[in-house]
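*Asks:* From the sequence below, what's the structure:
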Amino acid sequence: MTTVLIIDDEERIASFVAKGLQAEGFSTIWAATAQEGIFHATEGDADIIILDLGLPDMDGLEALEAMRGQGVLTPVIVLTARTTPAATLASLEGGADDYMPKPFRFEELVARIRLRLRSTSNADNSSSVLTVGDVSLDLRARSITVAGKTSELTAREFALAATFMRNPGVVLSRPQLLSRVWGYDFDPNSNVVDVYVRYLRNKIGPERLETVRGMGYRLVAPRGRG
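*Replies:* Take a look at the predicted model:
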(Lines give C-alpha, C1' and ligand atoms only; values in the text may rest on other atoms or scores of the structure.)
Protein backbone atom coordinates (compact mmCIF):
# COMPACT_ATOMS: atom_id res chain seq x y z
CA MET A 1 0.00 0.00 0.00
CA THR A 2 1.31 3.46 -0.92
CA THR A 3 2.00 5.63 2.12
CA VAL A 4 1.54 9.41 2.16
CA LEU A 5 3.29 11.47 4.83
CA ILE A 6 1.28 14.57 5.74
CA ILE A 7 3.40 17.25 7.45
CA ASP A 8 0.92 19.88 8.65
CA ASP A 9 0.26 21.31 12.11
CA GLU A 10 -3.42 22.02 11.38
CA GLU A 11 -5.15 18.88 12.65
CA ARG A 12 -8.42 19.69 10.89
CA ILE A 13 -6.78 19.89 7.46
CA ALA A 14 -4.47 16.92 8.09
CA SER A 15 -7.41 14.78 9.21
CA PHE A 16 -9.47 15.79 6.18
CA VAL A 17 -6.64 14.91 3.78
CA ALA A 18 -5.82 11.67 5.60
CA LYS A 19 -9.42 10.41 5.61
CA GLY A 20 -9.83 11.28 1.94
CA LEU A 21 -6.62 9.54 0.95
CA GLN A 22 -7.47 6.46 2.99
CA ALA A 23 -10.78 6.26 1.12
CA GLU A 24 -8.73 6.31 -2.11
CA GLY A 25 -6.66 3.34 -0.95
CA PHE A 26 -3.61 5.12 0.48
CA SER A 27 -2.01 4.65 3.88
CA THR A 28 -1.20 7.88 5.74
CA ILE A 29 1.16 9.18 8.43
CA TRP A 30 0.56 12.52 10.11
CA ALA A 31 3.39 14.67 11.45
CA ALA A 32 2.41 17.89 13.23
CA THR A 33 5.96 19.29 13.35
CA ALA A 34 8.85 19.64 10.92
CA GLN A 35 11.16 17.53 13.08
CA GLU A 36 8.67 14.67 13.23
CA GLY A 37 8.17 14.92 9.47
CA ILE A 38 11.92 14.92 8.78
CA PHE A 39 12.28 11.83 10.97
CA HIS A 40 9.65 9.88 9.01
CA ALA A 41 11.07 11.09 5.70
CA THR A 42 14.65 10.08 6.49
CA GLU A 43 13.49 6.72 7.85
CA GLY A 44 11.90 6.01 4.48
CA ASP A 45 8.41 5.60 5.94
CA ALA A 46 6.58 7.29 3.04
CA ASP A 47 6.29 7.04 -0.74
CA ILE A 48 5.25 10.67 -1.15
CA ILE A 49 5.13 13.72 1.15
CA ILE A 50 2.59 16.53 1.48
CA LEU A 51 4.31 19.47 3.15
CA ASP A 52 2.85 22.62 4.69
CA LEU A 53 5.18 25.62 4.90
CA GLY A 54 3.77 27.20 8.07
CA LEU A 55 5.03 24.73 10.67
CA PRO A 56 5.45 25.61 14.36
CA ASP A 57 9.05 24.51 14.94
CA MET A 58 10.69 25.21 11.56
CA ASP A 59 9.73 26.88 8.30
CA GLY A 60 8.60 24.31 5.74
CA LEU A 61 11.24 25.45 3.27
CA GLU A 62 13.94 24.76 5.86
CA ALA A 63 12.41 21.34 6.50
CA LEU A 64 12.45 20.65 2.76
CA GLU A 65 16.10 21.68 2.56
CA ALA A 66 16.94 19.42 5.50
CA MET A 67 15.23 16.43 3.89
CA ARG A 68 16.92 16.93 0.53
CA GLY A 69 20.23 17.53 2.27
CA GLN A 70 19.90 14.15 3.96
CA GLY A 71 19.39 12.41 0.66
CA VAL A 72 15.60 12.05 0.79
CA LEU A 73 14.38 11.60 -2.81
CA THR A 74 10.73 11.05 -1.91
CA PRO A 75 8.45 13.29 -4.02
CA VAL A 76 7.23 16.35 -2.12
CA ILE A 77 4.04 18.29 -2.85
CA VAL A 78 3.93 21.62 -1.04
CA LEU A 79 0.39 22.39 0.17
CA THR A 80 0.30 25.85 1.70
CA ALA A 81 -1.60 29.07 2.25
CA ARG A 82 1.37 31.00 0.85
CA THR A 83 0.26 31.89 -2.65
CA THR A 84 2.85 34.42 -3.81
CA PRO A 85 4.99 33.69 -6.89
CA ALA A 86 8.05 34.02 -4.64
CA ALA A 87 6.81 31.22 -2.36
CA THR A 88 6.09 28.99 -5.33
CA LEU A 89 9.52 29.61 -6.83
CA ALA A 90 11.30 29.09 -3.50
CA SER A 91 9.50 25.78 -2.99
CA LEU A 92 10.35 24.41 -6.43
CA GLU A 93 13.92 25.63 -6.31
CA GLY A 94 14.25 24.15 -2.82
CA GLY A 95 13.46 20.66 -4.06
CA ALA A 96 9.66 20.38 -4.11
CA ASP A 97 8.17 18.40 -6.99
CA ASP A 98 4.84 20.24 -7.02
CA TYR A 99 3.05 23.16 -5.37
CA MET A 100 -0.61 23.61 -4.47
CA PRO A 101 -2.12 26.65 -2.72
CA LYS A 102 -4.78 26.42 -0.02
CA PRO A 103 -7.74 26.27 -0.32
CA PHE A 104 -7.49 23.32 -2.71
CA ARG A 105 -9.66 20.78 -4.48
CA PHE A 106 -9.13 17.33 -2.99
CA GLU A 107 -9.63 15.60 -6.36
CA GLU A 108 -6.80 17.65 -7.82
CA LEU A 109 -4.50 16.75 -4.92
CA VAL A 110 -5.15 13.04 -5.48
CA ALA A 111 -4.48 13.43 -9.20
CA ARG A 112 -1.18 15.17 -8.52
CA ILE A 113 -0.15 12.51 -6.00
CA ARG A 114 -0.77 9.75 -8.54
CA LEU A 115 1.08 11.69 -11.23
CA ARG A 116 4.14 12.13 -9.02
CA LEU A 117 4.10 8.47 -8.02
CA ARG A 118 4.02 7.42 -11.68
CA SER A 119 6.88 9.78 -12.49
CA THR A 120 8.93 8.32 -9.65
CA SER A 121 8.33 4.72 -10.72
CA ASN A 122 9.45 5.58 -14.26
CA ALA A 123 12.54 7.52 -13.18
CA ASP A 124 16.00 6.38 -14.20
CA ASN A 125 17.59 4.85 -11.10
CA SER A 126 21.07 5.85 -12.26
CA SER A 127 20.31 9.43 -11.27
CA SER A 128 19.96 8.30 -7.67
CA VAL A 129 23.58 7.18 -7.28
CA LEU A 130 26.29 9.48 -5.94
CA THR A 131 29.90 8.56 -6.74
CA VAL A 132 33.18 9.84 -5.30
CA GLY A 133 36.28 7.90 -6.32
CA ASP A 134 35.57 4.21 -5.67
CA VAL A 135 32.65 4.96 -3.36
CA SER A 136 29.05 4.87 -4.67
CA LEU A 137 25.99 5.69 -2.59
CA ASP A 138 22.63 4.40 -3.82
CA LEU A 139 20.09 6.92 -2.55
CA ARG A 140 17.13 4.65 -3.20
CA ALA A 141 18.51 1.38 -1.85
CA ARG A 142 20.30 3.21 0.99
CA SER A 143 23.42 1.15 0.44
CA ILE A 144 27.05 2.09 -0.09
CA THR A 145 29.54 0.34 -2.34
CA VAL A 146 33.28 0.66 -1.76
CA ALA A 147 35.70 -0.92 -4.24
CA GLY A 148 32.96 -3.32 -5.33
CA LYS A 149 31.83 -4.32 -1.83
CA THR A 150 28.30 -3.24 -0.82
CA SER A 151 27.17 -2.52 2.75
CA GLU A 152 23.83 -1.51 4.21
CA LEU A 153 23.58 1.73 6.19
CA THR A 154 21.45 2.76 9.14
CA ALA A 155 19.27 5.84 8.62
CA ARG A 156 21.79 8.16 10.32
CA GLU A 157 24.80 6.59 8.63
CA PHE A 158 23.02 7.06 5.30
CA ALA A 159 22.22 10.72 6.01
CA LEU A 160 25.82 11.37 7.06
CA ALA A 161 27.21 9.58 4.00
CA ALA A 162 24.89 11.52 1.69
CA THR A 163 26.03 14.81 3.20
CA PHE A 164 29.69 13.96 2.63
CA MET A 165 29.05 12.55 -0.87
CA ARG A 166 27.31 15.76 -1.92
CA ASN A 167 30.30 17.79 -0.69
CA PRO A 168 33.44 15.85 -1.75
CA GLY A 169 36.69 17.47 -0.64
CA VAL A 170 34.84 20.07 1.45
CA VAL A 171 35.63 20.34 5.15
CA LEU A 172 32.38 20.03 7.08
CA SER A 173 32.42 21.17 10.69
CA ARG A 174 30.69 19.35 13.54
CA PRO A 175 28.02 22.10 13.83
CA GLN A 176 27.30 21.80 10.08
CA LEU A 177 26.99 18.02 10.25
CA LEU A 178 24.87 18.12 13.41
CA SER A 179 22.49 20.59 11.76
CA ARG A 180 22.23 18.83 8.39
CA VAL A 181 22.03 15.24 9.61
CA TRP A 182 20.30 15.53 12.99
CA GLY A 183 18.58 18.89 12.59
CA TYR A 184 20.01 20.15 15.89
CA ASP A 185 21.67 23.39 16.87
CA PHE A 186 25.26 22.78 17.89
CA ASP A 187 25.80 21.36 21.36
CA PRO A 188 29.51 21.61 22.21
CA ASN A 189 29.13 18.71 24.66
CA SER A 190 27.72 16.30 22.08
CA ASN A 191 29.97 13.68 20.52
CA VAL A 192 27.29 12.14 18.29
CA VAL A 193 29.00 13.40 15.11
CA ASP A 194 32.31 11.78 16.05
CA VAL A 195 30.56 8.53 16.95
CA TYR A 196 28.79 8.28 13.59
CA VAL A 197 31.88 9.32 11.65
CA ARG A 198 33.59 6.35 13.30
CA TYR A 199 30.72 4.06 12.27
CA LEU A 200 30.92 5.32 8.69
CA ARG A 201 34.71 4.93 8.60
CA ASN A 202 34.28 1.29 9.56
CA LYS A 203 32.21 0.80 6.39
CA ILE A 204 34.10 2.92 3.84
CA GLY A 205 37.64 2.91 5.22
CA PRO A 206 39.29 5.51 7.49
CA GLU A 207 41.45 6.89 4.67
CA ARG A 208 38.35 8.21 2.90
CA LEU A 209 37.13 10.37 5.79
CA GLU A 210 39.89 12.72 6.88
CA THR A 211 39.94 14.59 10.17
CA VAL A 212 40.97 18.21 9.67
CA ARG A 213 42.19 19.21 13.10
CA GLY A 214 40.22 22.04 14.65
CA MET A 215 37.85 22.24 11.67
CA GLY A 216 35.95 19.03 11.03
CA TYR A 217 35.91 16.19 8.49
CA ARG A 218 36.08 15.81 4.73
CA LEU A 219 35.50 13.00 2.24
CA VAL A 220 38.39 12.31 -0.13
CA ALA A 221 39.16 9.76 -2.84
CA PRO A 222 42.22 7.76 -1.76
CA ARG A 223 45.23 8.29 -4.00
CA GLY A 224 45.47 5.80 -6.79
CA ARG A 225 41.76 4.87 -6.46
CA GLY A 226 40.03 7.57 -8.49
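*Asks:* contacts, neighbours, all on C-alpha from now
*Replies:* OK.
*Asks:* Low-confidence ranges, this protein, go.
*Replies:* 120-127, 183-189, 223-226 (pLDDT under 70).
*Asks:* Strands of that one, start to end?
*Replies:* Per DSSP state E, the chain has strands spanning 3-7, 27-31, 48-51, 76-80, 98-101, 129-132, 135-138, 143-146, 149-152, 209-212, 216-219. These are given in chain order.
*Asks:* With distance to residue 42 and mean neighbour count as added columns, please give the ones you listed in JSON lines.
*Replies:* Shown next, in JSON lines, are the strands of the chain (distance: least, Cα to Cα, whole Å; neighbours: other Cα atoms under 10 Å):
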{"stretch": "strand 3-7", "distance to residue 42": "12", "mean neighbour count": "23"}
{"stretch": "strand 27-31", "distance to residue 42": "13", "mean neighbour count": "19"}
{"stretch": "strand 48-51", "distance to residue 42": "12", "mean neighbour count": "25"}
{"stretch": "strand 76-80", "distance to residue 42": "13", "mean neighbour count": "24"}
{"stretch": "strand 98-101", "distance to residue 42": "20", "mean neighbour count": "18"}
{"stretch": "strand 129-132", "distance to residue 42": "17", "mean neighbour count": "18"}
{"stretch": "strand 135-138", "distance to residue 42": "14", "mean neighbour count": "21"}
{"stretch": "strand 143-146", "distance to residue 42": "14", "mean neighbour count": "19"}
{"stretch": "strand 149-152", "distance to residue 42": "15", "mean neighbour count": "13"}
{"stretch": "strand 209-212", "distance to residue 42": "22", "mean neighbour count": "16"}
{"stretch": "strand 216-219", "distance to residue 42": "21", "mean neighbour count": "21"}
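*Asks:* Redo those strands as TSV? Include distance to residue 89.
*Replies:* Below are these laid out as TSV (distance: least, Cα to Cα, whole Å):
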stretch	distance to residue 89
strand 3-7	20
strand 27-31	24
strand 48-51	15
strand 76-80	11
strand 98-101	9
strand 129-132	26
strand 135-138	29
strand 143-146	32
strand 149-152	36
strand 209-212	36
strand 216-219	32
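*Asks:* Please identify which of the ones you listed is closest to residue 174.
*Replies:* strand 216-219 (5.8 Å; Cα to Cα).
*Asks:* Need the residues that contact that closest one.
*Replies:* Strand 216-219 is contacted from outside by 164-165, 167-174, 208-212, using Cα atoms under 8 Å, 6 or more residues apart in numbering.
*Asks:* Show me which of those residues are buried.
*Replies:* The neighbour count (16 or more other Cα atoms under 10 Å) marks 164-165, 168-169, 171-172, 174, 208-211 as buried among the contacts of strand 216-219.
*Asks:* Which positions within the longest helix along the chain qualify as buried?
*Replies:* For the chain, the helix with the greatest residue count under DSSP state H is helix 106-121. In terms of neighbour count (16+ other Cα under 10 Å), helix 106-121 has its buried residues at 109, 112-113, 116-117, 120.
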